[in-house]
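[1] sequence below, structure please.
(one chain, ligands or ions: 1)
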Amino acid sequence: MIKAGIIGIGSMGRGHLNNYIKFMRENKGIELVAICDVDEKKFENYKADFNLEGVADGNFDFSKFRCYTNVDEMLEKETELDMVSVIVPTYLHCEISCKCLEKGINVFCEKPMALNLEECERMITTAKKAGKRLMIGQCLRFWGEYNYLKECVETERFGKVIAAYFYRGGSTPLWSFGDWYHKKELGGGAIYDQHIHDVDMVNYLFGMPEKVCSTGINYYEGSNFDAVSTNYIYPDGKVVNSQNDWCQACGFGAFYRVNFEKATLVYDNTGLHVADASDRNGKIDLEYKGTSYKDVEVSKESAYETEILYFADCIRNNKPVDFNTPEDSMSTIKLVHAEIESCEKKGEPVKTV
Ligand SMILES: NC(=O)c1ccc[n+]([C@@H]2O[C@H](COP(=O)([O-])OP(=O)(O)OC[C@H]3O[C@@H](n4cnc5c(N)ncnc54)[C@H](O)[C@@H]3O)[C@@H](O)[C@H]2O)c1
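    From the prediction side, this is the model:
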């Protein structure tokens, strides 16, 4: 049985709490034993004002867990933890993850990995020194619709990628601890917090681009770039771009459209669809009369659950985390920093390697 703890039960932490409770109900071999949050009110079942549907909707019986308001005290008293989920504001990811690793606990830490490359490096070095696992919650790598896309890119089932567009956006987060989401030095704005999902996906699918050209705008005082658009420049010339903002009047949405030589794949709020022209021998030529979109069925398992189950499985079977490695997450941080630099230079190309 893997013994787990959670540090931080704000909006996202409550999603993790939901999942751990589900794992226990479904006998997945994971037992949540301890929870820590500096804010006592979080143990009183407040309703999080969160915009990810279904993630933070539980009423919890906290008497079933040992609850702490201080990380050091929790780590002192909880000597049998195999893993912790670190779901605190981004500016605390490095400090708290390293404390846990140094105590010999495997760490699953939410995205973005940390605020800068030095912190990422420190997290990786600390994990190595302690001989413990570290994984960052870049959840799109576990997401059915994005896994299908990855498989299409890898196998070239529809030929090579010609162009790809990724979008994510919605209203701004209003719920955070001390409003850290809107403080540049604590959260890094939409470009750092929300856009990072698509940055990581671009990195996962196509590797590091040679250069990025980004434009961004600051909208909330004290925040960073709250809306951003980036072109990723690759040597083979494929057109890859991504747009993100959290300045919208309401809601949340995510979208991709990827054109292959012989098909177009679209993921939107109605599902995943493919317009498949692979009956053509070569590419879609000017004689082609067109096709129509058909639905693609993919796994509907929650990525927020599968990422934790994967991590726990690595611990249980004494395997390294060789998928979604912390080095991958760190290279995504490097990429987003190049985008920030390009935004600061009003869209000038910035090298990433
Ligand atoms: N994977 C995703 O899709 C996704 C979605 C949302 C948020 N996140 C990430 O999850 C993390 C948390 O985001 P959130 O929306 O839950 O923020 P939040 O502000 O709602 O919650 C943070 C919690 O951490 C607690 N906390 C602060 N300092 C602490 C400390 N020293 N020790 C213990 N607890 C402490 C706060 O009291 C609060 O309850 C962020 O890194 C965010 O980027 C990931």
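[2] show the contacting residues for the residue in the chain that the ligand sits nearest to.
    Among the residues of the chain, residue 10 lies nearest to the ligand; the distance is 1.8 Å by C-beta to the nearest ligand atom. For glycine as for every other residue, the C-beta is placed from the backbone atoms N, C-alpha and C. Contacts for residue 10 (C-beta atoms under 8 Å, 6 or more residues apart in numbering) come out as 37, 39, 42, 48, 87, 88, 175, 176, 177.
[3] any chance of the residues you listed in TSV, with distance to residue 156, secondary structure and pLDDT too?
    Listed next are those as TSV, based on distance: C-beta to C-beta, whole Å; DSSP: H, G, I helix; E, B strand; the rest coil; pLDDT from 0 to 100:
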residue	distance to residue 156	secondary structure	pLDDT
37	47	coil	97
39	50	coil	95
42	48	helix	91
48	42	coil	61
87	37	coil	98
88	41	coil	98
175	43	coil	85
176	42	coil	91
177	45	helix	94
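[4] need those residues in JSON lines (columns: distance to residue 129 and neighbour count).
    Supplementary listing: the contacts of residue 10 in JSON lines, determined by distance: C-beta to C-beta, whole Å; neighbours: other C-beta atoms under 10 Å:
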{"residue": "37", "distance to residue 129": "28", "neighbour count": "22"}
{"residue": "39", "distance to residue 129": "31", "neighbour count": "14"}
{"residue": "42", "distance to residue 129": "32", "neighbour count": "23"}
{"residue": "48", "distance to residue 129": "36", "neighbour count": "19"}
{"residue": "87", "distance to residue 129": "24", "neighbour count": "24"}
{"residue": "88", "distance to residue 129": "22", "neighbour count": "25"}
{"residue": "175", "distance to residue 129": "36", "neighbour count": "15"}
{"residue": "176", "distance to residue 129": "32", "neighbour count": "19"}
{"residue": "177", "distance to residue 129": "29", "neighbour count": "17"}
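[5] near the ligand, from those?
    Contacts with the ligand within the contacts of residue 10, as defined by C-beta under 6 Å from any ligand atom: 37, 39, 42, 87, 88, 175, 176, 177.
[6] contacts only, for the first one.
    Residue 37 makes contact with 7, 8, 9, 10, 13, 43, 67, 69, according to C-beta under 8 Å, 6+ apart.
[7] mark which of those residues are buried, thanks.
    When burial is judged by neighbour count using 16 or more other C-beta atoms under 10 Å, the buried members of these are 7, 8, 9, 10, 13, 43, 67.
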